[in-house]
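[1] The sequence isn't on hand, but the structure is:
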C-alpha cells in the first residue's frame, strides 16, 4: 500500500462523528444558543473566548467550517439569517425556528497527545439538530390509551378559564353517539384555541404538542381530537364495543393515529439517533411570570425529561432504545442577573428539576446543570446605591432605551410564598450586544461546549 | 343465517367506493369546483339543478353526507370555510388551498333496476382529493438525470428576464469546484425567486413544482438545487467521477433526493390510487394574458397530461401502474363568456390539448373535454347593441361595481397572430352570485358529475 493511502486511511479511522441535539420550550433560547455555538466554533482559535474548553485554551482547536448536512430533507438551521439579524444595527434577536433543523460542522483540532505520526490534525464532524421541546411533551401520551389520556387532562385554575369555550361545547357530548365530522372539527378547534391561549399566557405544560405547531397537518383529522370528560361513568368494556362511527371510537382512532404517525416517527427517525442533548430552560422568565406559570414550567420539564430517562424500566427505553450518552440542562439568559447570582441560578435550576434529575442519575445518565447566556445582551457595572457599591446590569431595552437595572435576587431554592409576595425579581428583555471581537459575546458557552463535545477533542 | 344479517351482507356487497381527484394549476378553480361538487351532491334530490346527471333527473339520487375520511393524516378539504366565504354578504371567493386535501361523501341512491330484494337503496362512498397541478409538472423530471435536466431547462423571452439575478450568479460557477453550502443556498434562492416571479407574471410551466410550495421543507437542501448551464462542455464520464464535494456531485445528490423523496412519494402514496381524475384549466384567463402566457400554458398542460398517459411505454406506467379509468379535462369559468360561446370554449380546450389528447386516446384512456362554471358569477342578459339584440354578461366586479359586459368571441382554434393583434377577448373577475335556491348556481357541473360518477349510480 502506498504511504499516502495508509495515512489517509488512518486519519479517516480517527475522525469522529457526533450528533448533538438542542431543545427547549418556546422562547427558551434555542435559536440564540445554536447560532452562538456555531459562531464560537467558527471563530475558535482566533477571536472566540472559550477558556473553559481545554482544546481552545490550549490552542489545539483549529477551526470549524460548515459542510453539507446528511439528511437533505431536513431544513437547514438558518444560521446566516440569524447572524444577519444579530449584525443589524441596532442588533435584533433572530426569528425563532419552528420544527426541526439541522446543520453540520467539520471541526479540525490537534489531539492532546499526537499519535505516532507526528503533527497530525483530526476531524470531528458535528451534526447539530434543533427541535421544539414541545414535541417531547408528547412522549407520555404513548403510555396512555384514549380513555386514560382523557382522564389525565385535568384543567385547573387559570388554565380552566382559557378553555372555557371548549368546555362549554364538550359538556353535552355523549361518547356513544355519532357526531358530525364538521362539528368535531369545530370542537377540536376550540381545544386548540385553548392551548394557544394558554401558551400566549405563558403556560408550558401543553399537550398534544403538534396542535400548537401543525405545519402541513393543519386541518387533518389526526389533529382533531380532544379529551372526553366523564368517561369514568361508562363501563370500559362497553366503550370498546361501541360502533366505529361513535364519538368515542372516532376520537380513539384519531388519538392512536397521533401516537403512531406523529409521536413515534420523531423518536424513531430522529431522537434515538442523537448522541448528546442540551435542554434549554428560561428559568428567569418563569420566575418573572408568577407562581402558577413557574409551577407549570416545573411540571412541563418533568414531563419533558422523561424523554431522557432511559433507565431499563422507562417507557422510552422500552420503545426506542435511545443512545444519548450525555445530557446538559442549561438555564439561559444568565446575563439578565448580576454575576454573583449565577451560582444561585444554577442551584434554582437543580431545585426545579430535582425529581427528574434524581431519576436520571438513578438511571446512570450523565447529566450536568449549568447557567449560561448564549449571546450577551447586558454588561455589568458597579453602581453606588444606598452607600454601597453594587453590581447592576446595563443594556438597551427592545424599545431602544439604555437602562441600568438591579434585577434583584434569584432564590436558590424553589421560591415559596414570601418570594412571590415580595416579587423579588425583575426580568427585562434587552437587545443583543453588538459583536466586537469577531465572535458573539457570551457567558459560559465554553463550559457547555466542554461538557457536550470537549471529550471528543482530546 | 338470520334474514337481517343476509340482507346487510348483500347490501354491503353492492356498496361501491370511488376515489376521485381534482387538480389544476394555481387559479384554475380547484377550490370552487370541489366546493360546488360537494354542495350539489348534498342538495341532490332537493334544490340542486342536475338535469344532465340521470340519477338526479330520474329522482334516484337520495342525497349525500360527509363521513370520516380514510387517511387521518391528510388535511380535510376545507368545505365549511369555503361555504362561509360564499355565503358572506357580499359573497367572497374561498381562499385557495395548498397541498393535498381530502373529503369523503357517502351518497345514497336507488339503482335504475332494483334487484330481487325490493326497494333497495345503495351507497356510493366517494373519496374526493384536491392537489396542486404543479406537482404533476414534476413527473417528467423522473425521466432525467441531473445533467439532462439541466440541459432541458432553457429560459427564453420574458422568462429569461425574470431569472436575470439567478443567471448572473450561476454564470461563473465551475461544476468541478467546491461551493460553500451557504452560497449554494443563496443561488438556489435566486432560482426560486425566478420561479415565483414567473408564476406572478402568469406563467404556468414551472419546475421543480415544490420550490413554489415548499411547506415544511422550507430551507431544506433538497429544495436547494438548480440547473447548471454549460454542462455540455464537459465530458459526461469525467463529470461522474468528480469528488462528492464538487458542485456537480452536490447538485446531483440533491436532484436525486428530490426525485426519490418528493416526486415519487406523491405518485406512490396518492396518485396511483385515484380511480378518476378531473383536470381544471383556466383557458379564458390565459387567453386574456396574451400569446406568451398562452403558449406557456399549452406547454405546461402537455407536461401535466403525461401523468395520465398510462400507455404501456409511458414513464408513468412503468413506474407506478396507476389505475385511473376515466379522465375529464374542463375549461372553467365558462360563465365569463356568453352562452353561445360555450361550444367554442370546449373546442379551444380540445385544440389546446390536441397532442396530449391524441396520446391519451391512443393509449385507450377514456377522456372527455368540457367547459363549465363551478359557481356562477354572472347572468346572461339580452341587450340591444348596434340595432341587434345581443347576449351580454351581467355581474358585480370584485371591487363591487355592477357591470354589463360583452366579453367578445372565443377563438375555436388556437389563436393566431390576428387574434392577438385584435385582443378580441376581455376577461373580468366577478364576485360569485349569491345562493338562491339552496345549491350553488353553476353551469354544467351536472355534465361533469355524469362523466365522473354517473355510471356508478345506475
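    Good, I have the coordinates. Keep in mind the model is a prediction, meaning the values are calculated, not measured.
[2] near chain B, which residues of the stretch 201-350 of chain A?
    Contact residues, the stretch 201-350 of chain A versus chain B (CB under 8 Å from any CB of the partner chain): A:215-222, A:245, A:250, A:253-254, A:257, A:261. In this view, the C-beta of every residue, glycine as well, is placed from N, C-alpha and C.
[3] and if you look at the stretch 1-150 of chain A?
    Going by CB under 8 Å from any CB, the residues of the stretch 1-150 of chain A near chain B are A:66-69, A:72-76, A:78-80, A:99, A:101.
[4] One more pass at 6 Å, please.
    Taking CB under 6 Å from any CB of the partner chain, the part of the stretch 1-150 of chain A that reaches chain B is made up of A:66, A:68, A:72-76, A:80.
[5] Quick check: ChimeraX command selecting the buried ones in the residues you listed.
    Filtering the residues of the stretch 1-150 of chain A next to chain B down to the buried ones (16 or more other CB atoms under 10 Å in any protein chain shown) takes a single ChimeraX command:
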select /A:66,68,72,73,74,75,76
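[6] Widest-spaced pair of the residues of the stretch 1-150 of chain A next to chain B?
    A:73 and A:80 (19.9 Å; CB to CB).
[7] And chain A, what are its domain boundaries?
    Split into domains by automatic domain parsing, chain A comes to A:3-131+A:274-375+A:442-457, A:139-266.
[8] from the ones you listed, which stretch is densest packed?
    Most buried of the domains of chain A, by mean neighbour count (mean count of other CB atoms under 10 Å in any protein chain shown): domain A:3-131+A:274-375+A:442-457, with a mean of 19.
[9] Most proximal residue of the stretch 1-150 of chain A with respect to chain B?
    Here the stretch 1-150 of chain A gets closest to chain B at one residue, residue A:75, 3.8 Å apart by CB to the nearest CB.
[10] which residue sits closest to that residue in space, ignoring its chain neighbours?
    Counting by CB to CB, 6 or more residues apart in numbering or on different chains, residue A:75 lies nearest to residue B:219, which is 3.8 Å off, once chain neighbours are set aside.
[11] before we move on, what about residue A:36?
    residue A:374 (4.1 Å).
[12] Check the gap between that neighbour and residue B:429 for me.
    Distance of residue A:374 to residue B:429, computed by CB to CB, to the nearest Å: 50 Å.
[13] what's the most distant pair in the residues of the stretch 201-350 of chain A next to chain B?
    Longest span within these, CB to CB: A:215 and A:245, 28.8 Å.
[14] worst average pLDDT in the domains of chain A?
    Lowest mean pLDDT of the domains of chain A: domain A:3-131+A:274-375+A:442-457, a mean of 88.
[15] and the spatially closest residue to residue A:432 that is not a sequence neighbour, how far is that from residue B:428?
    Counting by CB to CB, 6+ apart, residue A:432 lies nearest to residue A:91, which is 4.5 Å off, once chain neighbours are set aside. Using CB to CB, residue A:91 is found at 50 Å from residue B:428.
[16] Over to residue A:123?
    Taking CB to CB, one finds residue A:123 at 64 Å from residue B:428.
[17] mean confidence score for stretch A:420-435?
    83.
[18] Walking through the stretch 301-450 of chain A, point out its helices one by one.
    For the stretch 301-450 of chain A, applying DSSP state H, counting those that start in this stretch gives helices covering A:315-320, A:342-352, A:354-362, A:417-422, A:445-453.
[19] what's the last one in contact with?
    Same thing as helix A:445-453. The contact list for helix A:445-453, computed with CB atoms under 6 Å, 6 or more residues apart in numbering or on different chains, reads A:20, A:36, A:40, A:50, A:52-53, A:276, A:328, A:368, A:370, A:372.
[20] can we see that at 7 Å?
    A:18, A:20, A:36-37, A:40, A:50-54, A:56, A:126, A:276, A:278, A:326, A:328, A:330, A:368, A:370, A:372, A:374 (CB atoms under 7 Å, 6 or more residues apart in numbering or on different chains).
[21] before we move on, what about the second one?
    Surrounding helix A:342-352, the residues in contact under the criterion CB under 7 Å, 6+ apart are A:281, A:283, A:298, A:301, A:329, A:331, A:334, A:337, A:357, A:369-371, A:410-414.
[22] now do 8 Å
    Helix A:342-352 is contacted from outside by A:281, A:283-284, A:287, A:297-298, A:301, A:329-331, A:334, A:337, A:357, A:369-371, A:409-414, A:443, using CB atoms under 8 Å, 6 or more residues apart in numbering or on different chains.
[23] Show me how far that helix is from its chain's centre.
    Here helix A:342-352 shows a centroid-to-chain-centroid distance of 17 Å under the convention CA atoms, centre = their mean, to the nearest Å.
[24] what angle do that helix and helix A:354-362 make?
    If you take axes from the mean of the first three to the mean of the last three CA atoms, to 10 degrees, helix A:342-352 sits at 80 degrees to helix A:354-362.
[25] go on, the last one?
    Here helix A:445-453 runs at 40 degrees with respect to helix A:354-362, directions being taken by the same axes, to 10 degrees.
[26] how much distance is there from helix A:445-453 to the middle of the chain?
    In this view, helix A:445-453 has its centroid 16 Å away from the chain centroid, taken as CA atoms, centre = their mean.
[27] now swap in stretch A:125-135 and tell me
    Its chain's C-alpha centre and that of stretch A:125-135 lie 9 Å apart, by CA atoms, centre = their mean.
[28] outside of the one helix or strand residue A:267 maps to, which residues touch it?
    Secondary structure assigned from DSSP states H and E places residue A:267 in helix A:264-269. Outside helix A:264-269, the residues that touch it by CB under 8 Å, 6+ apart are A:131, A:135, A:139, A:142, A:307, A:316, A:319-320, A:322.
[29] helix or strand right after it?
    Past helix A:264-269, the next helix or strand by DSSP H and E is strand A:276-281.
[30] Just name whatever secondary elements that next one is in contact with.
    strand A:16-24, helix A:30-43, helix A:291-305, strand A:326-331, helix A:445-453 (3 or more CB pairs under 8 Å, 6 or more residues apart in numbering or on different chains; DSSP states H and E).
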